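Student: My questions are about this predicted structure, shown below with the sequence.
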Amino acid sequence: QVQLVESGGGLVQAGGSLRLSCAVSGRTFSTSAMGWFRQAPGKEREFVAAISWSGGSTRAADSVKGRFTISRDNAKNTVYLQMNSLKPEDTAVYYCAARDKLGSSTIINDYRYWGQGTQVTVSS
């Protein structure tokens, strides 16, 4: 059984930083592209960032480029999302997701496995 467990969310003031982690078990992490998505209250889930199986290719939504960085440690079966210069509009539940393919994607339906989410709240 594949499990993705996010951690690192919390309450932070605008301009602050958080680092989210997602630990993966039950599948070969090193052959899975990974992604981070978020869902704010009353809004649809949206793409945040993605990374290929090797970490050699990354993508980020325009709204977070220059502020958020996705990375992975295949030895630890963990993917990270470093979030800097946080804004109130970054407030959402953040989800990590895994694909059955090597290449990353920005499309929600391309991801087969999902974590339970972690809340990030940015106060103004």
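Tutor: On my side now, so go ahead.

Student: how about the strands in this structure?
Tutor: 3-7, 10-13, 18-25, 34-39, 46-51, 58-60, 68-73, 78-83, 92-98, 113-114, 118-123 (DSSP state E).

Student: Just the buried residues of stretch 68-84, please?
Tutor: 68-70, 72, 74, 77-81, 83 (16 or more other C-beta atoms under 10 Å). From N, CA and C alone the C-beta is placed, and that goes for glycine too.

Student: Closest to the centroid, which residue in the chain?
Tutor: For the chain, Trp36 is the residue whose C-alpha lies nearest the centre (C-alpha atoms, centre = their mean; 2.4 Å).

Student: Any idea how many residues pack against the closest residue to that residue other than its chain neighbours?
Tutor: Nearest residue to Trp36 in three dimensions, chain neighbours excluded: Val48, at 4.3 Å (C-beta to C-beta, 6 or more residues apart in numbering). Neighbour count of Val48, defined by other C-beta atoms under 10 Å: 25.

Student: what do you get for the one 3 residues further on?
Tutor: A count of neighbours around Ile51, defined by other C-beta under 10 Å, yields 24.

Student: and what of Ser30?
Tutor: Counted with other C-beta under 10 Å, Ser30 comes out at 14.

Student: That one against Asp73, yeah?
Tutor: No: judged on C-beta atoms under 8 Å, Ser30 makes no contact with Asp73 at a distance of 10.2 Å.

Student: what's near enough to touch Ser21?
Tutor: Residues near Ser21 by C-beta atoms under 8 Å, 6 or more residues apart in numbering: 6-8, 78-80.

Student: what do you get for Ala98?
Tutor: 2, 4, 24, 27, 29, 32-35, 111-114.

Student: And the residues you listed, which of them are buried?
Tutor: Of these, these count as buried by 16+ other C-beta under 10 Å: 4, 24, 27, 29, 32-35, 111, 113-114.

Student: For those, give me JSON lines that also has distance to Ser52 and pLDDT.
Tutor: Below are those laid out as JSON lines (distance: C-beta to C-beta, whole Å; pLDDT from 0 to 100):
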{"residue": "Leu4", "distance to Ser52": "17", "pLDDT": "96"}
{"residue": "Val24", "distance to Ser52": "15", "pLDDT": "96"}
{"residue": "Arg27", "distance to Ser52": "16", "pLDDT": "75"}
{"residue": "Phe29", "distance to Ser52": "13", "pLDDT": "85"}
{"residue": "Ser32", "distance to Ser52": "10", "pLDDT": "93"}
{"residue": "Ala33", "distance to Ser52": "5", "pLDDT": "96"}
{"residue": "Met34", "distance to Ser52": "9", "pLDDT": "97"}
{"residue": "Gly35", "distance to Ser52": "10", "pLDDT": "98"}
{"residue": "Tyr111", "distance to Ser52": "13", "pLDDT": "96"}
{"residue": "Tyr113", "distance to Ser52": "16", "pLDDT": "95"}
{"residue": "Trp114", "distance to Ser52": "19", "pLDDT": "97"}
